[in-house]
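Enquirer: 3D, please:
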Amino acid sequence: MIAHTSIPVSNYKKAKKFYSTVLATLGYTQNMEYGEAAGFNDGKNTDFWIATNEKGVIPLHVAFEAKNKTQVKAFYKAALAAGAKDNGAPGYRKEYWPGYYAAFVYDADGHNIEAVFYDYNEK
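Expert: Got it, this is the predicted structure:
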């Protein structure tokens, strides 16, 4: 089990604003900050971090689990409004498995950010 992860960002202030807005749709709050590193808490743990990286940014993929399809849709809408680029509108991804409901966006650094709801009732 992963306790927390961090992704590099090129513009800390812009990224902090983006993630504060977008992750709020999934119940996260930005609760820690050390220099140009910010931690986001899901109610249990500060498990997602962003930080400035002097060596540059290599785009990564991070998926956040949503509680329902409504959260996935809200995440996608908020991300696009905050400047993200579309990488897959909310919908079932039956090629992954029948109940995989997700949306994907690219943040300003090219990170592929996903919200996913595991719909075990979908066949």
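
Enquirer: contacts and neighbour counts: CA atoms only from here.
Expert: OK.

Enquirer: low pLDDT regions in this protein?
Expert: 1 (pLDDT under 70).

Enquirer: All the strands of it, in order from the start?
Expert: For the chain, the strands defined by DSSP state E cover 5-9, 29-33, 37-41, 46-52, 61-65, 85-86, 91-92, 100-106, 112-118.

Enquirer: Tell me which other helices or strands the last one touches.
Expert: Applying 3 or more C-alpha pairs under 8 Å, 6 or more residues apart in numbering; DSSP states H and E, we find strand 112-118 packed against strand 61-65, helix 69-81, strand 100-106.

Enquirer: ok, and which of those has the densest surroundings?
Expert: Stretch with highest mean neighbour count among those: strand 100-106 (a mean of 23; mean count of other C-alpha atoms under 10 Å).

Enquirer: from memory residue 91 sits against residue 99, does it?
Expert: No. The criterion here is C-alpha atoms under 8 Å, and residue 91 misses it with residue 99 at 9.9 Å.

Enquirer: Find out how far stretch 114-123 is from the centre of the chain, if you would.
Expert: 16 Å (C-alpha atoms, centre = their mean, to the nearest Å).

Enquirer: Please identify the buried residues of it?
Expert: Neighbour-count burial for stretch 114-123, counted by 16 or more other C-alpha atoms under 10 Å, picks out 114, 115, 116, 117, 118, 119.

Enquirer: And that stretch, end to end?
Expert: 22 Å (C-alpha to C-alpha, to the nearest Å).

Enquirer: which outside residues touch that stretch?
Expert: Stretch 114-123 has contacts (C-alpha atoms under 8 Å, 6 or more residues apart in numbering) with 61-69, 72, 75-76, 98-105.
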